[in-house]
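In: pasting the sequence and the predicted coordinates here, then a few questions.
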Amino acid sequence: MANSHDVPVYKRRDGLDPVPELGRLSVETPVFRDGAAGVYDWIVVGGEEVRAVLGDAERFSTRPRRGRADHGRPNSPPDPGNLLMYDPPEHTRLRQLLAPVFTMRRVRRMEPAVARIVAERLDVLERAGRPADLMRHFARPVCGLVGCAVLGMPRDDLPELSRMADVRAAARSPRQAAARKAFNAYMARLIARKRRDPGDDLLGALIREHGADVTDKELEGICASVIAGELENASEMLGLAVLALLRHPEQAAALRERPEMMPHAVEELLRYVSVVPVVSPRTALVDVPLGGEVIKAGEAVGCSVFAANRSRPPGESADGLDVSREPGRHLALGHGIHFCLGAALARMQLGIALSGLLERFPGLRLGAGPDELRFRLLAPQHGIETLPVQW
């Protein structure tokens with residue numbers, strides 16, 4: 001496991017909270033050079049500056065950039081189907097095809113299926129005995145099975161798909177290349193099958209209604225993005241949301257007493273956890289003045305939504321968790337044209353999972369001391385390795 005001092009300051013946390021230095025930077029140096037000289041040239045941590053970059057698709061591109069010898073110009077073509085790799089007009093075309101499939105109305109049709117998945121995994125968690133690892137028995141399986149339901153994947157395929165996804169996301173190695181190839185081959189077989197028999201899931205709806213307008217490669221990329229989002233972002237969000245409530249038992253008690261507050265709680269937990277600390281790089285297409293600096297054309301920018309959502313200037317009271325808070329303009333689901341397409345699904349499954357967990361286990365509490373918890377410090381998503389719970 002990485003030492004916290006190996007983690008760049010814009011990703012560093014004290015458990016669930018920002019380190020004090022991040023609050024100072026967000027006020028005094030909202031835009032600064034990335035000393036690691038890795039993917040990013042600049043890091044943006046100021047709230048308004050982050051919003052400005054994410055909301056400006058005319059001056060910032062999300063396409064992967066070429067090498068510095070090519071002056072960082074965005075590359076072409078992007079990975080098919082991954083919306084974060086597209087700029088308008090290609091992004092506009094693909095998002096217009098996908099958006100009707102992920103409407104609130106269509107997502108709500110999945111509520112009974114999600115509730116069944118949650119109830120099933122609560123049974124598994126209870127049978128696991130105490131203390132039980134909530135990540136292993138509940139958070140990761142719930143989100144993976146929801147992803148299977150969205151795409152019409154056989155649920156028995158989930159363990160192998162999860163393994164391939166884990167290796168695929170790990171450090172470069174021959175094993176990673178083989179996992180990536182197998183993962184892509186699985187998606188190709190899935191699309192071929194869905195072309196023949198679309199089914200009633202959201203992917204099937206996309207193929208029935210817009211199958212002629214989207215290529216097989218684009219569909220494969222869309223499916224890969226959805227299942228990766230469930231196995232990575234959604235599962236870590238669910239685990240850390242539970243941890244946040246267990247560390248603030250008065251907030252969990254308030255939700256049990258007033259379950260109608262769950263929509264507010266979901267927004268507050270999304271903001272509070274901000275599971276994706278830094279969004280995908282943006283490349284400046286022109287010179288852009290920002291936060292007292294000038295980002296040159298071709299330079300890559302990393303935006304810390306965690307800093308934007310949580311940082312407070314030195315001297316101000318700490319940012320606390322308040323599940324009754326009126327939803328604000330948090331950036332946990334993105335901003336601008338790349339706002340999360342699956343936002344309605346993310347909110348719905350988080351609400352159902354938390355409601356079910358709090359109802360089933362009114363005495364839910366941590367099954368390990370704070371020093372025993374191990375966070376995933378260098379992963380693209382902030383997360384936790386295991387989350388032992390008692391009830």
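Out: Nice, I can see it. Computed from a predicted structure; not experimentally measured.
In: tally of neighbours for residue 199?
Out: 14 (other Cβ atoms under 10 Å). Glycine gets a C-beta too; all of them are placed from N, C-alpha and C.
In: so who does the closest residue to it other than its chain neighbours touch?
Out: What sits nearest to residue 199 in space, not counting adjacent residues and going by Cβ to Cβ, 6 or more residues apart in numbering, is residue 152, at 4.5 Å. Under the criterion of Cβ atoms under 8 Å, 6 or more residues apart in numbering, the contact list for residue 152 reads 190, 194, 198-201, 203-204.
In: and residue 152, what are its phi and psi?
Out: In terms of degrees, to the nearest 10, the main-chain angles of residue 152 are phi 70, psi 30.
In: residue 278 now?
Out: Backbone geometry at residue 278, expressed as degrees, to the nearest 10, gives phi -130, psi 120.
In: and residue 32, what are its bridge partners?
Out: On the basis of DSSP bridges, residue 32 is bridged to residue 43.
In: which regions of the stretch 151-300 of the chain lie under the pLDDT threshold?
Out: Low-confidence segments of the stretch 151-300 of the chain, defined by pLDDT under 70: 168-173.
In: tell me the pLDDT of residue 65.
Out: Listed pLDDT for residue 65 reads 69.
In: before we move on, the earlier item: filter the contacts of residue 152 to the buried ones?
Out: Burial of these was assessed by neighbour count (16 or more other Cβ atoms under 10 Å); the buried members are 190, 194, 198, 201, 203-204.
In: go through the residues you listed and say which is closest to residue 361.
Out: Within these, proximity to residue 361 (Cβ to Cβ) peaks at residue 201, which comes in at 30.2 Å.
In: that closest one touches residue 147, doesn't it?
Out: No - counting by Cβ atoms under 8 Å, residue 147 is not a contact partner of residue 201; they are 10.6 Å apart.
In: what about residue 220, how many neighbours?
Out: 23.
In: who touches residue 47 in this structure?
Out: Listed by Cβ under 8 Å, 6+ apart, the contact set of residue 47 reads 26, 307-309, 311.
In: if you rank those by neighbours, which is first?
Out: Scoring those on neighbours with other Cβ under 10 Å, the highest-scoring entry is residue 307 at 28 neighbours.
In: is it true that it lies in a helix?
Out: Yes - the assignment for residue 307 is a helix, going by DSSP: H, G, I helix; E, B strand; the rest coil.
In: verify the stated contact: it with residue 29.
Out: No - under the contact definition of Cβ under 8 Å, residue 307 does not touch residue 29, with a separation of 11.2 Å.
In: where do the contact lists of these two overlap?
Out: Residues touching both residue 307 and residue 29 (Cβ under 8 Å, 6+ apart) are residue 45.
In: return the distance of stretch 210-225 from the chain's centre.
Out: Remark: stretch 210-225 is offset 21 Å from the chain centroid, using Cα atoms, centre = their mean, to the nearest Å.
In: in it, what's buried?
Out: By neighbour count on 16+ other Cβ under 10 Å, the buried set for stretch 210-225 is 210-211, 214, 216-225.
In: list of residues touching it?
Out: Outside of stretch 210-225, the residues within contact range by Cβ under 8 Å, 6+ apart are 79-84, 94, 97-98, 151, 183-184, 187-188, 190-192, 194-195, 198, 203, 206-207.
In: ChimeraX command to pick out the buried ones of those residues?
Out: This is the ChimeraX syntax for the buried subset of the contacts of stretch 210-225, where burial follows 16+ other Cβ under 10 Å:
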select :79,80,81,82,83,84,94,97,98,151,183,184,187,190,191,194,198,203,206,207
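In: from memory residue 263 sits against residue 352, does it?
Out: No - the pair formed by residue 263 and residue 352 falls short of the contact definition of Cβ under 8 Å, at 11.5 Å.
In: so for those two, which sits in the more crowded spot?
Out: residue 352 (22 against 12).
In: list the buried ones in the helix or strand hosting the more buried one?
Out: In this structure, residue 352 is located in helix 343-360 according to DSSP states H and E. Burial within helix 343-360, assessed by neighbour count using 16+ other Cβ under 10 Å, is assigned to 343-358.
In: again with stretch 376-391
Out: In terms of neighbour count (16+ other Cβ under 10 Å), stretch 376-391 has its buried residues at 377, 379-384, 386-389.
In: and what of stretch 285-293?
Out: 285, 288, 290-291, 293.
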